[in-house]
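1. Provided below are the primary sequence and the corresponding predicted coordinates.
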Amino acid sequence: MKNEDEPRDKRLKPGDAQKLTMAEVAKYVGVSAMTVSRAFRQDASVSEETRKRIMEAVDALGYVLDLSAGSLSSRRSGFIAALVPSINNSNFSDTARGITDALENTGLQLLLGYTDYAAEKEEKLIEAMLRRRPEGIILTGGSHTSRARRMLEKAGIPVVETWELPEEPINHVVGFSNTEAMALLVRTLASQGYRKFGYIGGTTARDTRGSQRRSGFQKTVEELGLGPGRMISFGVPPITMEQGGQAIVSLLERWPDTEVVLCVSDLSAFGAIMECKRRGMRVPEDVAIAGFGDYEISSICHPSITTIDVDCYGIGRQAAARLLDALQGGGAAGGDITLTSYKVVLRESTERAGSR
C-alpha cells in the first residue's frame, strides 16, 4: 500500500479528457485507491488532513464517485438523465415528452431532474445523476457552474445542451438563438406599424434564456431606430401570470403611450392581458401584447396571443436522437450543433385594425 504522504502525480491535471477512475485520483493525491474509497465512506482510519486533500483533488479534477460500479457487471445503467428548470412549465414538459418518445424501443429510460433555474441546484443534480452512471445527459441551457462543467467533461458520456446556443459547448448542442428569436418578433411587429415597444422580463439573470430574449429585444428596437426599449423587470424567473399582470401596470404607468408590450413568456403575457381586461383596457386596441413559447393557453385565450413557436417537443426528440447517435458512435467524442426551428405566430393580441 502506498504511503499517504507520497507526492502527487503531476501528470494528471484538471481538464484531462478521459473518464477519471478512483485509481487516478489516488495517484494524483499520492495515496492508495483504498484510502480514497475510505475517504468517501468517512472512514475514521483516514486522517482529516488526508481526507481534505482527497476532496480538494476530487473537486479540482471533476471526479464523481460511481455508486453503480459494484452492481453493474455490464457497465450499462440503462437510463438517460435530463435536467429541466421547471416541472410545471408545459414547454419543458413537452421537451421531456419528446425525449421519452425518441427513447421508445431503445431499452433506455428517462430520469428527470428539476433545477428551479438555479445553477447550484443543477450542479448537485448533475453529481447525483453521474453517480448512477447514466448513458448520457441532456441539459437545459449552457450556463453551468465551473464544477458542473468539470464533472460533465470528465464523465465520458455524451452531453447535449438544449434550448439555446452556448458560447462554449461542452459536447453536443440542440437549440436556437433566443436573442434572434425575440429579434424576429420585434421586426415582425415593427413591420405592422408598431413603434413604441415595451418589454416585461424577470429581475435576475438566472434564467439565461430570458436574459437573451431581453438582449434581442433591446438590440433590435435600437437597430430599427425606435429608441431605447421600455423595459420592466418584475419578479424572479420564471415570471408568473400574476407577476405579468403587475408588471404591465408598472410599465403603462411609466410609459402610458406604449403601443405594444413583448413578454418573456406566454404566461406573463396572459397575466398582462387579464390585468388589462380587469382595468377596462382593450387588447390590442389600447395596447398590444405578445408572448414567447407558444404555450397551449396562448391559442385558446381571448384574445389569442401572438408569440414565438420554438417547437419544444422537437427539441426533446432531436436532443435524444443526437444523444443516441453519439452512443452508437462510441460516446462523448466530438460534438456538433443542431439548430432547431422557431417562427412568429401572429394572433389577435397584436392584430391592427384593417390587417385581416
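-> Perfect, thanks for sending it.
2. can we go C-alpha only for contacts and neighbour counts from here?
-> OK.
3. quick one, phi/psi of the nearest residue to V159 once chain neighbours are set aside?
-> Residue nearest to V159 in three dimensions, not counting chain neighbours: I137, with 5.1 Å by C-alpha to C-alpha, 6 or more residues apart in numbering. Dihedral angles of I137 (phi, psi; degrees, to the nearest 10) stand at phi -140, psi 140.
4. same question, E161
-> According to degrees, to the nearest 10, E161 has phi -100, psi 130.
5. Contact partners for it?
-> Applying C-alpha atoms under 8 Å, 6 or more residues apart in numbering to E161 gives the contacts I138, L139, T140, G141, G142, P169, I170, N171, H172, V173, V174, G175.
6. Run through the strands of the stretch 151-300 of the chain in chain order.
-> 159-162, 172-175, 197-201, 230-233, 260-263, 288-290 (DSSP state E, counting those that start in this stretch).
7. Report the mean confidence score over the fourth one.
-> The pLDDT scores in strand 230-233 average 95.
8. From P134, how far off is A155?
-> Noted for A155: a distance of 10 Å to P134, by C-alpha to C-alpha, to the nearest Å.
9. one step back: wait, the residue nearest to V159 touches G156, no?
-> No: in this structure I137 lies outside contact range of G156 using C-alpha atoms under 8 Å: 10.8 Å.
10. Compare those two (neighbour count), which wins?
-> I137 (27 against 19; other C-alpha atoms under 10 Å).
11. In the chain, where is pLDDT below threshold?
-> Applying pLDDT under 70 to the chain flags residues 1-19, 66-76, 330-334, 354-356.
12. okay, now the domains of it?
-> 22-65, 75-177+312-341, 178-309+344-350 (automatic domain parsing).
13. So E285 is in contact with P303, correct?
-> No: in this structure E285 lies outside contact range of P303 using C-alpha under 8 Å: 11.1 Å.
14. Between these two, point out the one with more neighbours.
-> P303 (20 against 14).
15. residues near G107, how many?
-> By other C-alpha under 10 Å, neighbour count at G107 equals 8.
16. all helices of the chain, in order?
-> 22-29, 33-40, 48-61, 90-103, 119-130, 146-154, 178-191, 208-223, 241-254, 266-278, 296-300, 312-328 (DSSP state H).
17. Format these as CSV; extra columns: distance to G229 and mean neighbour count.
-> What follows is these, written out as CSV (distance: least, C-alpha to C-alpha, whole Å; neighbours: other C-alpha atoms under 10 Å):
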stretch, distance to G229, mean neighbour count
helix 22-29, 52, 21
helix 33-40, 53, 18
helix 48-61, 43, 16
helix 90-103, 27, 20
helix 119-130, 29, 19
helix 146-154, 33, 21
helix 178-191, 11, 20
helix 208-223, 6, 20
helix 241-254, 11, 19
helix 266-278, 17, 23
helix 296-300, 24, 15
helix 312-328, 28, 21
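18. can I get the ones you listed in TSV with distance to L112?
-> Listed next are these as TSV, based on distance: least, C-alpha to C-alpha, whole Å:
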stretch	distance to L112
helix 22-29	27
helix 33-40	26
helix 48-61	24
helix 90-103	8
helix 119-130	9
helix 146-154	17
helix 178-191	24
helix 208-223	20
helix 241-254	25
helix 266-278	23
helix 296-300	22
helix 312-328	12
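19. Any idea which of the ones you listed gets closest to E351?
-> The minimum distance between E351 and these falls on helix 178-191, with 9.6 Å, by C-alpha to C-alpha.
20. on contacts alone, who are the packing partners of the closest one?
-> helix 208-223, strand 307-309, strand 343-345 (3 or more C-alpha pairs under 8 Å, 6 or more residues apart in numbering; DSSP states H and E).
21. Looking at those, which is nearest to D116?
-> Closest among the helices and strands packed on helix 178-191, using C-alpha to C-alpha: helix 208-223, at 12.6 Å.
22. now that closest one against helix 178-191, angle please.
-> 40 degrees (axes from the mean of the first three to the mean of the last three C-alpha atoms, to 10 degrees).
23. Next, the angle strand 197-201 makes with helix 208-223.
-> 170 degrees.
24. Keeping just the C-alphas, turn helix 208-223 into CSV.
-> Taking Å, rounded to 0.1, in the frame of the first residue of the first chain, the C-alpha atoms of helix 208-223 are listed here in CSV:
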residue,chain,number,x,y,z
THR,A,208,-30.3,32.8,-19.2
ARG,A,209,-32.8,32.3,-22.0
GLY,A,210,-34.8,35.2,-20.6
SER,A,211,-31.7,37.4,-20.5
GLN,A,212,-31.0,36.5,-24.1
ARG,A,213,-34.6,37.5,-25.1
ARG,A,214,-34.2,40.8,-23.3
SER,A,215,-30.9,41.4,-25.2
GLY,A,216,-32.6,40.6,-28.5
PHE,A,217,-35.4,43.0,-27.8
GLN,A,218,-33.2,45.9,-26.7
LYS,A,219,-30.7,45.5,-29.6
THR,A,220,-33.4,45.2,-32.2
VAL,A,221,-35.5,48.2,-31.2
GLU,A,222,-32.3,50.3,-31.2
GLU,A,223,-31.3,49.0,-34.6
